[in-house]
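K.L.:
this one's structure only:
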């Protein structure tokens with residue numbers, strides 16, 4: 001198992017490349033894939049499941065690693081640590097990455113991975129606030145059936161594209177397509193959150209044809225957990241800055257030149 005130090009800026013370790021974009025709240029048009037059935041946007045749009053293949057939001061790194069090992073013993077792991085005050089890796093895990101692959105470097109994205117995960121944790125509470133997954137199948141996946149399975153697990157699709165499944169909730173559980181996240185990548189990780197949002201999920205397929213996909217990427221994000229992690233990081237940064245200022249002042253207290 002390898003490890004890697006993760007040095008984040010004061011905007012906190014979380015604002016990397018997970019941008020939020022608005023999607024219009026309209027009917028889902030997937031007639032070609034689901035036999036002409038259109039699903040209306042529901043009044044309540046909770047993301048019904050808090051996990052991706054058994055890897056749950058809110059879990060600790062140990063719980064995530066155990067879930068991944070149970071999912072597939074072929075996974076290779078990379079632990080990415082938050083940087084401590086000295087700039088070196090601390091004991092707090094910022095991300096846990098795992099993939100089925102033959103190479104040793106798990107940091108880069110590769111659409112040819114059979115399966116791969118990147119799970120991100122808050123530095124203070126150690127809870128998983130974001131999960132990214134990528135899946136590839138050499139023979140392909142049935143697109144309509146996979147979309148139906150996603151709707152059964154997480155709730156009806158509230159997007160408008162037949163090869164992208166999306167669902168999001170506001171912090172009161174109401175439908176909120178403005179809370180759908182994108183731009184969440186294997187190397188950069190998630191960043192940013194909206195205090196008006198709860199959980200959001202997006203699954204984007206890599207189609208081989210109108211009915212078959214070569215693979216897909218999944219993003220599951222909890223804005224509340226991410227917000228708590230960011231606020232804790234900001235408090236920690238302010239405390240460190242105050243302590244540094246105190247020590248600097250203490251060091252020069254005796255320096256009183258003649259005036």
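P.N.:
Arrived safely. Computed from a predicted model, the values in this text were never measured in an experiment. Numbers count the residues shown, from 1 in each chain.

K.L.:
the helices in this protein, which residues?
P.N.:
Using DSSP state H, the helices assigned to the chain run over residues 31-34, 61-71, 143-154, 223-251.

K.L.:
could you dump these to TSV with mean neighbour count and mean pLDDT?
P.N.:
Bear in mind the C-beta positions are built from the backbone N, C-alpha and C, glycine included. As requested, the helices of the chain are arranged in TSV below (neighbours: other Cβ atoms under 10 Å; pLDDT from 0 to 100):
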stretch	mean neighbour count	mean pLDDT
helix 31-34	15	32
helix 61-71	16	97
helix 143-154	17	96
helix 223-251	15	78
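
K.L.:
which of the ones you listed sits closest to residue 55?
P.N.:
Nearest to residue 55 among the helices of the chain is helix 61-71; the distance by Cβ to Cβ comes to 4.9 Å.

K.L.:
just put the helices of the chain in CSV and tack on distance to residue 129.
P.N.:
Formatted as CSV, those follow (distance: least, Cβ to Cβ, whole Å):
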stretch, distance to residue 129
helix 31-34, 32
helix 61-71, 12
helix 143-154, 17
helix 223-251, 4
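
K.L.:
among those helices, which comes closest to residue 117?
P.N.:
Taking these one by one with Cβ to Cβ, helix 61-71 is closest: 6.2 Å.

K.L.:
need the residues that contact that closest one.
P.N.:
By Cβ atoms under 8 Å, 6 or more residues apart in numbering, the list of residues contacting helix 61-71 from outside reads 53-56, 59, 75, 77, 79, 93, 96, 98, 115, 117, 119, 121, 126, 128.

K.L.:
and with 6 Å instead?
P.N.:
53-55, 75, 93, 96, 98, 119, 128 (Cβ atoms under 6 Å, 6 or more residues apart in numbering).

K.L.:
for stretch 213-232, same thing?
P.N.:
Residues from elsewhere that reach stretch 213-232, judged by Cβ under 6 Å, 6+ apart: 12, 14, 52, 57, 122, 124, 127, 129-137, 141, 143, 181, 184, 193-195, 197, 199-208.

K.L.:
just the buried subset of those residues, written out for ChimeraX, thanks.
P.N.:
Those of the contacts of stretch 213-232 that meet the burial criterion (16 or more other Cβ atoms under 10 Å) are gathered into one ChimeraX selection, given here:
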select :12,14,52,57,122,127,129,130,131,132,133,134,135,136,141,143,181,184,193,194,197,199,200,201,202,203,204,205,206,207
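
K.L.:
of the contacts of stretch 213-232, which belong to strands?
P.N.:
Among the contacts of stretch 213-232, DSSP state E puts 52, 129-137, 141, 181, 197, 199-207 in strands.

K.L.:
ok so, going back, of all the helices of the chain, which lies closest to residue 169?
P.N.:
helix 223-251 (9.2 Å).

K.L.:
what's the angle from that closest one to strand 197-207?
P.N.:
Between helix 223-251 and strand 197-207, the angle comes out at 110 degrees (axes from the mean of the first three to the mean of the last three Cα atoms, to 10 degrees).
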